[in-house]
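Visitor: sharing a sequence plus its predicted fold:
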Amino acid sequence: MKNKLFIGGLAWATTEEGLKAALEKYGEIEDVRIITDRISGRSKGFGFVTFVSEDDAKSAQEEMDGTALDGRNIHVDFARERQPRNDGYNRDDGPRY
């Protein structure tokens, strides 16, 4: 996860293409995902950008954190592993009873 960035505070209108365009000047990008609501399809205001190089991800994080994108100041940090849910539900195998 050392080359994957979390991007928070995105404007509702920010697209994956726009996010990629804003960050690709820091290096080659492997993947861009803006997280959307399953029902409405509307952006949840955050996403992830995966760079090919760890050094490029670090440069992008340092330079882009706190800058404006589509009229909103964004938060850029390294993505962390998702912690297991503690509510009795495992996303991989359905509910536990």
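Guide: Thanks, I have the structure now.

Visitor: how about the strands in the chain?
Guide: 4-8, 29-36, 43-51, 68-69, 72-73, 75-78, 89-90, 94-95 (DSSP state E).

Visitor: so which of those strands gets nearest Leu23?
Guide: Closest approach to Leu23 among the strands of the chain (Cβ to Cβ): strand 43-51, 5.5 Å. For every residue, glycine as well, the C-beta is placed using N, CA and C.

Visitor: what packs against that closest one?
Guide: strand 4-8, helix 16-23, strand 29-36, helix 54-64 (3 or more Cβ pairs under 8 Å, 6 or more residues apart in numbering; DSSP states H and E).

Visitor: tilt between the last one and helix 16-23?
Guide: Which is helix 54-64. 90 degrees (axes from the mean of the first three to the mean of the last three Cα atoms, to 10 degrees).

Visitor: quick one: contacts of helix 54-64?
Guide: Residues from elsewhere that reach helix 54-64 (Cβ atoms under 8 Å, 6 or more residues apart in numbering): 2-5, 22-23, 26-28, 49-51, 74, 76-78.

Visitor: also the first one?
Guide: With contacts defined as Cβ under 8 Å, 6+ apart, strand 4-8 is touched by 19, 23, 45-51, 57, 60-61, 74-80.

Visitor: buried residues in it?
Guide: Across strand 4-8, burial judged by 16 or more other Cβ atoms under 10 Å covers Lys4, Leu5, Phe6, Ile7.

Visitor: with just CA atoms, put that strand into PDB.
Guide: Extracted C-alpha coordinates of strand 4-8, given in PDB (Å, rounded to 0.1, in the frame of the first residue of the first chain):
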ATOM      1  CA  LYS A   4      -1.700   3.900  -3.000                       C
ATOM      2  CA  LEU A   5      -3.000   7.300  -1.900                       C
ATOM      3  CA  PHE A   6      -6.300   8.200  -0.200                       C
ATOM      4  CA  ILE A   7      -7.800  11.400  -1.600                       C
ATOM      5  CA  GLY A   8     -10.500  13.000   0.700                       C
END
